[in-house]
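> return a 3D structure for these sequence lines:
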Amino acid sequence: MTNEPKLSWTRRDIEQRCGFRGGRYTAVNTAFSALLAAVLTIAFFAALLPLRHTGFAQMFFERGPVPYAIVFFSAWALAILFVKSRKLAFQRKSLGLSIVPPDHDFVLSSTNVDAVIDNIFAAVDEPKHFVLFNRIMIALANLRNLGRVSDVDDILRSQAEHDESLMDTSYLLVGGFVWAIPVLGFIGTVLGLSQAIGGFGGVLHSAEELSSIATELKGVTAGLATAFETTLEALVAALAIQLIMTFLRKSEQDFLDACSEYCVRQIVNKLRIMPYEVERE
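Predicted coordinates:
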């Protein structure tokens, strides 16, 4: 019977546990996040149903189709950020694993690199799905095949830059929502103002008495409410998402920095330049 790895991506990644194919590293499966967004949107409006006659609920139920779109896209962005935070927390656990012998005199070379690789597979089930261990595996494979320890540090740095690029890419969809949500609010503003102006023109054209004008103006104020409240909803949602994304992005950048420090401590500091490499240089 084989020993279970200390970290199992197959069993503990949040998307894998829910039956979806897990995104690479902290990237999020689009279908999974969209499903979560639909559930959150339904739950939000269901929670507002008992409060339907309050001013807050009317901002969402009686202002046309735009608030529904704002809520859905906001829920989608928040779902992505939540899943990313869970995946990031799981990735962080890899930093607590040691893959090289604790011996202070241990020197990493092409002759013992297989032992370190075996330690990685004993620690995790799928090294390619871990930011830290995928980076190390690429460097160690080069060391095993070419035997040049002087190339390891350069490979680790190159892979670190690649990981940062992947991190930036994983936030593109959320960034698109942060841009799109205020635009939806402005669309609601245009629709509301159009409704209000059209209604006011109808009042002036058809009303003959002051009392009837006051009655007809209620429809005009409803259009103004749509105009301003949809913009308010969109701006508040976009601000909240942007702040959450900023904090999460900083946390992920800190994690990548910690991965680089781990590679220096566990890999680079264990290397020694071989005499034949010095002669070539």
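> going forward, measure contacts between C-alpha atoms and count neighbours the same way
Noted.
> quick one: the closest residue to Val71 other than its chain neighbours from Leu97, how far?
Taking Cα to Cα, 6 or more residues apart in numbering as the measure, Val71 lies nearest to Thr41, with 6.3 Å between them; neighbours along the chain are not counted. With the distance defined as Cα to Cα, to the nearest Å, Thr41 ends up 39 Å from Leu97.
> ok, the two, which is more surrounded?
Between Thr41 and Leu97, counted using other Cα atoms under 10 Å, the more crowded position is Thr41 (21 against 13).
> in contact with the more buried one, which residues?
Thr41 sits next to Val71, Phe72, Ala75 when contact means Cα atoms under 8 Å, 6 or more residues apart in numbering.
> so which of the residues you listed belong to strands?
If you go by DSSP state E, those have nothing in strands.
> and those residues, which is closest to Tyr262?
Tyr262 lies nearest to Ala75 out of the contacts of Thr41, by Cα to Cα, at 35.5 Å.
> and the closest residue to Phe133 other than its chain neighbours, what does it touch?
Computed as Cα to Cα, 6+ apart, the closest residue to Phe133 that is not its neighbour in sequence is Pro127, at 5.3 Å. Residues counted as contacts of Pro127 (Cα under 8 Å, 6+ apart) are Ile120, Phe121, Phe133, Asn134, Met137.
> which of these count as buried?
Ile120, Phe121, Phe133, Asn134, Met137 (16 or more other Cα atoms under 10 Å).
> helix or strand for the first one, which one?
Pointing back at Ile120 there. In this structure, Ile120 is located in helix 113-123 according to DSSP states H and E.
> could you pull out the buried residues of the next helix or strand after that helix?
Sequence-wise, the next helix or strand downstream of helix 113-123 (DSSP H and E) is helix 131-146. Taking 16+ other Cα under 10 Å as the basis for neighbour counts, the residues of helix 131-146 that come out buried are 131-137, 139-144.
> helix or strand right after helix 131-146?
By DSSP H and E, the next helix or strand past helix 131-146 is helix 152-170.
> who are the packing partners of that next one?
Using 3 or more Cα pairs under 8 Å, 6 or more residues apart in numbering; DSSP states H and E as the contact criterion, the elements in contact with helix 152-170 are helix 131-146, helix 210-266.
> which one of those helices has the lowest average pLDDT?
When these are ranked by mean pLDDT, helix 210-266 comes last with a mean of 80.
> for His129, the count of nearby residues, please.
The local packing of His129 (other Cα under 10 Å) involves 19 other residues.
> and it, how far from Ile155?
Shown here: His129 relative to Ile155, a distance of 18 Å by Cα to Cα.
> and of the contacts of Thr41, the nearest to Asp257?
Using Cα to Cα, the shortest approach to Asp257 within the contacts of Thr41 belongs to Ala75, at 29.9 Å.
> now for that closest one: which residues touch it?
Applying Cα under 8 Å, 6+ apart, one finds that Ala75 lies in contact with Leu36, Ala37, Ala38, Leu40, Thr41.
> which residues touch stretch 173-183?
The set of residues that contact stretch 173-183 without belonging to it, under Cα under 8 Å, 6+ apart, is 70, 73-74, 77, 80-81, 231, 234-235, 237-238, 241-242.
> residues near Phe247, how many?
By the criterion of other Cα under 10 Å, Phe247 has 11 neighbours.
> and if you look at Ser165?
Ser165, neighbours per other Cα under 10 Å, totals 11.
> and the pLDDT at it?
Confidence per residue is given as pLDDT, and for Ser165 that number is 93.
> what do you get for the one 4 residues further on?
Residue-level confidence at Thr169 comes out at 93, pLDDT.
> any idea how far it is from Asp13?
Separation of Thr169 from Asp13 (Cα to Cα): 20 Å.
> who has more neighbours, the two?
Neighbours were counted for Thr169 and for Asp13 using other Cα under 10 Å; Asp13 has more, 24 against 12.
> looking at it, the more buried one is touching Lys87, isn't it?
Yes: with contacts counted by Cα atoms under 8 Å, Asp13 reaches Lys87, the gap being 6.6 Å.
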